[in-house]
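Q: Provide a 3D model corresponding to the input given below.
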Amino acid sequence: MLAMLEHMGSRKIMVSQTVKPQRMSEDILKHLAEEARHASFFKRQAERAAGHDMEGWMDDNTMARVPALMYFGRLDAGISNVVGPSSAYSWVSLIIELRACWLYRIYQQTLAESDYHLSLKSLLAEENRHLEEMYIACGKNVDQLKHLSTYESGLFKKLWDKIITSIEQPYEPAVKI
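A: Below is the predicted model of the structure:
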């Protein structure tokens, strides 16, 4: 799921900038490339953990795939409606980076306490840099940040509940033999 969300982030950056391609700065292009690289990183790690290649993002290989798609789509649409199209890239990115940093710190701590050899430290450093850049781009508007974070938290709770439900359900392969 993390690979899919990172991929969606890179795709949404691309789409948001193609409306007015003259706005695509080197910083935005770098952000897009880093998000695509994060998607590749998480995809590679998921395949490593599974012990085989996984095609695309399907229900049988992506935890809470549909709820994750809904979370991202609703978050993007809801924030865009509040801030308008000219500010949407910065605000959506800021809110997503806040959640990503929170989640990846927990994931890093869990990995450090486990026998699984994987570090998210360099990825976290990039996400923290994105977070700082987006906060500045949004004018350090704390009131708007609180409002949009509250909105995101409601959406994330719904996604998290679906993740927990999917973990608690017994695994059933897509194809029964």
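Q: use CA for all of it now, contacts and neighbours both
A: Noted.
Q: distance from the chain centre to whichever strand or helix holds Ser86, please.
A: Secondary structure assignment for Ser86, by DSSP states H and E: helix 85-112. Relative to its chain's centre, helix 85-112 lies at 7 Å (C-alpha atoms, centre = their mean, to the nearest Å).
Q: the bottom helix or strand of the chain by mean pLDDT?
A: Comparing every helix and strand of the chain by mean pLDDT, DSSP states H and E singles out helix 2-18 as the least confident one, with a mean of 92.
Q: just the buried positions in whichever helix or strand comes after it, please.
A: Next along the chain after helix 2-18, taking DSSP H and E as the criterion, comes helix 26-50. Residues of helix 26-50 classed as buried by neighbour count (16 or more other C-alpha atoms under 10 Å): 28, 31-44, 46.
Q: closest to Val15 out of these?
A: For these, the residue nearest Val15 by C-alpha to C-alpha is Leu32; the value is 10.5 Å.
Q: which residue is the nearest non-sequential neighbour of that closest one?
A: Ser10 (4.9 Å; C-alpha to C-alpha, 6 or more residues apart in numbering).
Q: burial count for the closest residue to Thr62 other than its chain neighbours?
A: Computed as C-alpha to C-alpha, 6+ apart, the closest residue to Thr62 that is not its neighbour in sequence is Met1, at 5.2 Å. Residues lying near Met1 (other C-alpha atoms under 10 Å) number 21.
Q: contacting residues for Met1?
A: For Met1, the contact set (C-alpha atoms under 8 Å, 6 or more residues apart in numbering) comprises Trp57, Thr62, Met63, Ala64, Arg65, Ala68.
Q: the closest residue to the first one other than its chain neighbours and Glu113: what is the separation?
A: For Trp57, the nearest residue in space outside its immediate sequence neighbours is Met4; the separation is 6.6 Å by C-alpha to C-alpha, 6+ apart. Using C-alpha to C-alpha, to the nearest Å, one gets 25 Å for the distance from Met4 to Glu113.
Q: lovely, talk soon.
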